[in-house]
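[1] compute the structure for the input listed below.
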Amino acid sequence: MARVMTLFKTRWLYYSNMNSRPKNKKIMPKVALIGRPNVGKSTLLNRLTHTRDALVDSLPGLTRDRRYAELKQDGLTMQLIDTGGIDKSSNLNTISQIVREQSLKAVEESDLLLIILDVKEGLTLADREIIDELRSYKKPYLIVINKVDNPSLELNLSEFYELGVSEIIPVSAEHGKGTDALMTRVIDVLKHINWPLEDSSANLEGLPSETMQDGDQPIKVALIGRPNTGKSSLFNRLVGEPRMIVTDLPGTTRDSIDTLIQRPGRKDILLTDTAGIRRKARVNNKIEKFSIIKAINVIKGCDIVLIVMDISEGITDQDKRLIGYTERYGRACITLFNKWDLLQQDQRLAKLRSRELEQAKRFIPYSPHRNISALTGKYVNRILPLIDDVYVDFNKLINTGGVNSALQKTLAKRTPPISRGHHLRLYYTTQIASKPPTFLIFANYPDFIPSQYERFLANQFREQLGLKHTPVRILFRKRERRAPTRIP
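    Here you go, the predicted model:
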C-alpha cells in the first residue's frame, strides 16, 4: 500500500498565517473510554451523554477515530473520549494498527481512564495485557464491567478481582444500569486529582467579551464528499493534528466526528468530518447506510458545507448530487478541488475542470470555490477566512426598508409574468429569518408564481442586498384585504 497515514506537523494554519495562536482555552478534565473492540465503549458514551452521536453496532471495530463529547455532571464539565479500542492480536491489519495508535493517544491526553471489560466474555488474556500496558502510563483508572444486564451475570464479577483492584464498577450501558454510580466515582476521582468545580477552571482572561456570551454559538461546518477524496486529511490540516485516520482505502471514516476550533477574537468553528457518500445503488453494507444517513443529517444541521472533490477525477454525478443537497436544505456552500498539486502543471486539464465545475454549480452560483492540496497544505490556510466571509452573509439581517427597496428595483427590471391567466402583483416584503436569509413576499396569487421568476427574485435580492456568498430563500403569502371601515 502506498502512503498509509499522513501526519501533519502544521498546527493551526490559519493562526500561524495571522502571526497569532489561540492562547486561551477552557480547561476541562478528559476521561478516556478504553478497552478491547466491541466491549460497549460507544454505547456507554451515548448513555452517559444522553445522545446517539456515536455509531453503534454489534460489528467489532466499528469505531475508528477518537470521538470527543462534553458532559456536565455535578458541577464539573468534562470531555469523554470514545476510542476504537486496543486490539492485542498479532495479525493486525494496517487500519487496526492505526486505530490502536489513536486509542493510545487518547490515553496520553486523558486525566482518567475508564477501562471497559465485557462480563459475558469474562476476563481474557487480551484484557490482562491491555491493563498491564495502560498501567505503564501511570494514569488513574477505574475498571468498568459492561453488559451486566441481569442479576445472574453479577455472579461472574468475582473473577475480575484477579486484576489486583479493590473496586470494580458493574454497568449495563445498553439499559443504563449502574451508570449513576459510575459517574459518582468519576467525579470523586477527578476531585481527588484537584479538578475544581465549574467556572473556576475556565481560563478566559484576555478574551473579547463577545466570545464569552452564552448565546455565542460556533459556526457549524461540515466536510462532505465521496469516499477517498481527502476529507479526513483536510480535517487534520484544519484542526492542526492527526485526529482522523487517513489511509488510501475508501470508507476509512465511518462516523461523523466533531472538533471545536477555538479562535480568540473570532467565532469558534465546530468542524465535522463525515463518512464518504456513495450512490445508494452501490451501498449494500448496513454500517455504510447508517454512516451516510448521519452525514446527510449533518448537512441539514450545519451552517456551511465544504464539498471536497478530487480534481484528478473531475466532477462526478455523485458530486453533483452532493451540491444538490446543499441547495435542497438551504445551506451555504464552499466547493474545494483537493489534490491540486497533481494537476497544477497541466493548464489544459485545469481549465477543463473549471468548466465542469461551473456547469455543476449553475444552481448555486453564490458558492465560492478554492483549489487546495490537503497533502501539502497548499492554500488550505485560505479556507477559514473564507468561512468567516460566507457566514457573515449567511447570518445577515436586513431592515424592512432595505428589503422593500430591493423588491422595487427588482420589479423595475422585470415585472412578474402572467401566470394561469392572472396578472401577478408583488406588494411588499420583509425578512423573517436568517441562516439562510429568508424573505416573505406578499402577493395576490402566491401559488401561481413560476419557479424561474422565484430564482430571478432570489438572485436580485442577493445582488442588491450584498448577500454574495449565501443562498436566499423566497416565500410567498397572499395579502389579506382589510374590510373598509365604516364611518358612523
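
[2] strands along the stretch 201-350 of the chain, start to end?
    With DSSP state E, counting those that start in this stretch as the criterion, the stretch 201-350 of the chain has strands at 219-225, 257-261, 269-273, 304-310, 332-338.

[3] who's in contact with the first one?
    Strand 219-225 is contacted by residues 231, 234-235, 267-274, 276-277, 295, 298-299, 301-309, 319, 322, 325, 387-388, 391 when judged by CB atoms under 8 Å, 6 or more residues apart in numbering. Bear in mind the C-beta positions are built from the backbone N, C-alpha and C, glycine included.

[4] low-confidence ranges in the protein?
    1-26, 52-65, 88-96, 194-215, 241-256, 276, 278-292, 294, 481-488 (pLDDT under 70).

[5] returning to what we had before: out of the strands of the stretch 201-350 of the chain, flag the one nearest Val148.
    Evaluated with CB to CB, the strands of the stretch 201-350 of the chain place strand 257-261 nearest to Val148, the distance being 29.3 Å.

[6] next, the angle strand 269-273 makes with that closest one.
    Counting by axes from the mean of the first three to the mean of the last three CA atoms, to 10 degrees, strand 257-261 lies at 150 degrees to strand 269-273.

[7] for strand 257-261, list every residue counted as buried.
    Neighbour-count burial for strand 257-261, counted by 16 or more other CB atoms under 10 Å, picks out Ile257, Asp258, Thr259, Ile261.

[8] equivalent analysis for stretch 363-376, please.
    For stretch 363-376, the buried set under the neighbour-count rule, 16+ other CB under 10 Å, comprises Ile364, Tyr366, Ser367, Pro368, His369, Arg370, Asn371, Ile372, Ser373, Ala374, Leu375.

[9] how does the protein divide into domains?
    Per the record, the chain has its domains at 26-192, 214-391, 400-478, by automatic domain parsing.

[10] what about the first one, distance to the chain center?
    Between the centre of domain 26-192 and the centre of its chain there are 24 Å (CA atoms, centre = their mean, to the nearest Å).

[11] equivalent analysis for stretch 385-400, please.
    Relative to its chain's centre, stretch 385-400 lies at 20 Å (CA atoms, centre = their mean).

[12] stretch 443-451 now?
    Worked out by CA atoms, centre = their mean, stretch 443-451 lies 38 Å from the chain centre.

[13] identify the residues contacting Ile187.
    Taking CB under 8 Å, 6+ apart as the test, what Ile187 contacts is Gln73, Asp74, Leu76.

[14] let's see the ChimeraX selection covering just the buried ones among those.
    Of the contacts of Ile187, the buried ones can be selected in ChimeraX as follows, counting by 16+ other CB under 10 Å:
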select :76
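
[15] format the contacts of Ile187 as JSON lines; extra columns: secondary structure.
    Below are the contacts of Ile187 laid out as JSON lines (DSSP: H, G, I helix; E, B strand; the rest coil):
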{"residue": "Gln73", "secondary structure": "strand"}
{"residue": "Asp74", "secondary structure": "coil"}
{"residue": "Leu76", "secondary structure": "strand"}
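
[16] okay, the buried residues of strand 257-261 in JSON lines with distance to Lys478 next?
    Shown next, in JSON lines, are the buried residues of strand 257-261 (distance: CB to CB, whole Å):
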{"residue": "Ile257", "distance to Lys478": "46"}
{"residue": "Asp258", "distance to Lys478": "42"}
{"residue": "Thr259", "distance to Lys478": "46"}
{"residue": "Ile261", "distance to Lys478": "45"}
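
[17] quick check: the two most widely separated of these?
    Ile257 and Ile261 (13.1 Å).

[18] tell me what Tyr68 is bridged to.
    Ile81 (DSSP bridges).

[19] was I right about Leu114 contacting Lys30?
    No. Using CB atoms under 8 Å, Leu114 is not in contact with Lys30, being 11.2 Å away.
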